[in-house]
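Undergrad: Show me the folded form of this:
(2 chains)
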Amino acid sequence: DAGVIQSPRHEVTEMGQEVTLRCKPISGHNSLFWYRQTMMRGLELLIYFNNNVPIDDSGMPEDRFSAKMPNASFSTLKIQPSEPRDSAVYFCASSRTSSSTDTQYFGPGTRLTVL
Amino acid sequence: AQSVTQLGSHVSVSEGALVLLRCNYSSSVPPYLFWYVQYPNQGLQLLLKYTSAATLVKGINGFEAEFKKSETSFHLTKPSAHMSDAAEYFCAGTLSGNTPLVFGKGTRLSVIA
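TA: Predicted coordinates:
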């Protein structure tokens, strides 16, 4: 059974460019999470969806960040325009139910470098 | 608000030695607690979780953790470290299913041959 799939695995871009990160959750999972991991701040929850609906986006840093989940099998995280401080590893995770006590399954992450 | 604190950003042990990774939580209500492991260049995966059924929780790869309410702790242990245990370990917690999971800063475990 395939796990959470993220693409691309690595992204190098220049400041000001638009970046789109993609995620395919595990089939049958109802919740999807986007996290950002940096050395300074650790693992931060950016936004999560239940049944394709955004529930809490309070962790999204600013208006440059946006996330969508058009259907149960696909989500995107977009940064426009990108800045060097956005450099981080971005993880997508999914879980069977909307309860935060449920196990979250993480993808391999996208390492973003903004020059 | 729920928070978890991991003591020690880096722990180094010899192969075969005891592994002890510390996690303390802050809340007046016993939370749900988790340990996740992240191997190099991979996403996090669940090691074990505490959901109030039993205070001693056994996980994968020989790891276990004990919930101690009196100490507000949920330390992770393994009797004998293997080289393959070298990874980053994250403690996480939530008060209920309706509040987001909060992760600690992580502890990097090195295993020396």
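
Undergrad: Tell me the residues of chain A that contact chain B?
TA: Residues of chain A found near chain B (CB under 8 Å from any CB of the partner chain) are A:4, A:42-43, A:45, A:48, A:56, A:91, A:93, A:97-109. To be clear about C-beta, it is placed using only N, CA and C from the backbone, and glycine gets the same treatment.

Undergrad: what residues does chain B put near chain A?
TA: Neighbours of chain A within chain B, by CB under 8 Å from any CB: B:32, B:36, B:41-46, B:49, B:51, B:90, B:94, B:96-101, B:103-106.

Undergrad: Just the buried ones from those residues?
TA: Applying a neighbour-count criterion of 16 or more other CB atoms under 10 Å in any protein chain shown, the buried members of those are B:32, B:36, B:43-46, B:49, B:90, B:94, B:99-101, B:103-106.

Undergrad: closest to chain A among the residues you listed?
TA: residue B:43 (3.1 Å; CB to the nearest CB).

Undergrad: returning to what we had before: select from the buried ones among the residues of chain B next to chain A every entry located in strands.
TA: B:32, B:36, B:44-46, B:49, B:90, B:94, B:103 (DSSP state E).

Undergrad: Identify, from those residues, the entry nearest to residue A:113.
TA: If you rank those by distance to residue A:113 using CB to CB, residue B:44 comes first, at 21.1 Å.

Undergrad: Buried residues in stretch A:71-89, which are they?
TA: Here stretch A:71-89 shows A:72-73, A:75, A:77, A:79, A:82, A:86-89 as buried, counting by 16+ other CB under 10 Å.

Undergrad: how long is it end to end?
TA: This stretch, stretch A:71-89, spans 24 Å end to end (CA to CA, to the nearest Å).

Undergrad: Residue B:63 and residue A:113: what is the separation?
TA: Shown here: residue B:63 relative to residue A:113, a distance of 33 Å by CB to CB, to the nearest Å.

Undergrad: who's more crowded, these two?
TA: Just comparing residue B:63 and residue A:113: by other CB atoms under 10 Å in any protein chain shown the higher neighbour count belongs to residue B:63, 20 against 14.

Undergrad: contacting residues for that one?
TA: Applying CB atoms under 8 Å, 6 or more residues apart in numbering or on different chains, we find residue B:63 in contact with B:19, B:35, B:47-48, B:76-78.

Undergrad: which one among the buried residues of stretch A:71-89 gets closest to chain B?
TA: Taking CB to the nearest CB as the measure, chain B lies nearest residue A:89 of those, at 9.3 Å.

Undergrad: pLDDT on whichever helix or strand that closest one is part of, on average?
TA: Element membership for residue A:89 (DSSP states H and E) is strand A:88-95. In this model, strand A:88-95 has an average pLDDT of 96.

Undergrad: Assign a three-state SS to residue B:75, would you?
TA: With DSSP: H, G, I helix; E, B strand; the rest coil as the basis, residue B:75 sits in strand.

Undergrad: got the contact list for it?
TA: With CB under 8 Å, 6+ apart, residue B:75 has these contacts: B:20-23, B:65-66, B:68.

Undergrad: likewise residue B:66?
TA: Residues in contact with residue B:66, defined by CB under 8 Å, 6+ apart, are B:55-57, B:73-75, B:77.

Undergrad: same question, residue B:79
TA: Listed by CB under 8 Å, 6+ apart, the contact set of residue B:79 reads B:18, B:62.
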